[in-house]
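K.L.:
predicted model follows, preceded by the sequence.
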Amino acid sequence: MRLLADPLRLQIVTLLADGPACTCHLVEDTGAKQPNISGHLRILREAGLVTAEPHGRFTYYRLLPEPFAAAATRLTDLADRARANTDARRECP
């Protein structure tokens, strides 16, 4: 969740959800500088959310759906538990 709190990083992830892109595409689409985009992509790769795939002279970055699906499942489970236990107040000692 903290990784996606950065607005530019969230924008990058959102763009990559539409398909693989190289750094030049992300620079064009976001208006951010290339070193800034590269830094965010490194963080996303290290977190296991993005993978890099060489294609000729370029490297394309692709969003990995599995970590997002796992996080969504976990968050849904927490929401379901909170909903089910809304009135289950613990008594103080």
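P.N.:
Here it is on my side, so go on.
K.L.:
so how far is residue 92 from residue 84?
P.N.:
22 Å (C-beta to C-beta, to the nearest Å). In short, each C-beta sits where N, CA and C put it, glycine included.
K.L.:
the helix or strand hosting residue 43 - what's its average pLDDT?
P.N.:
Element membership of residue 43 [criterion: DSSP states H and E] is helix 34-46. Averaged over helix 34-46, pLDDT sits at 97.
K.L.:
run the chain-centre distance for stretch 42-50.
P.N.:
8 Å (C-alpha atoms, centre = their mean, to the nearest Å).
K.L.:
who touches that stretch?
P.N.:
Stretch 42-50 is contacted from outside by 3, 9, 12-13, 16, 41, 51-52, 61-64, 67-68, using C-beta atoms under 8 Å, 6 or more residues apart in numbering.
K.L.:
one more: stretch 7-25?
P.N.:
3-4, 26, 29-30, 32, 34, 36-38, 40-41, 43-44, 49-50, 53, 55, 58-63.
K.L.:
thank you, goodbye.
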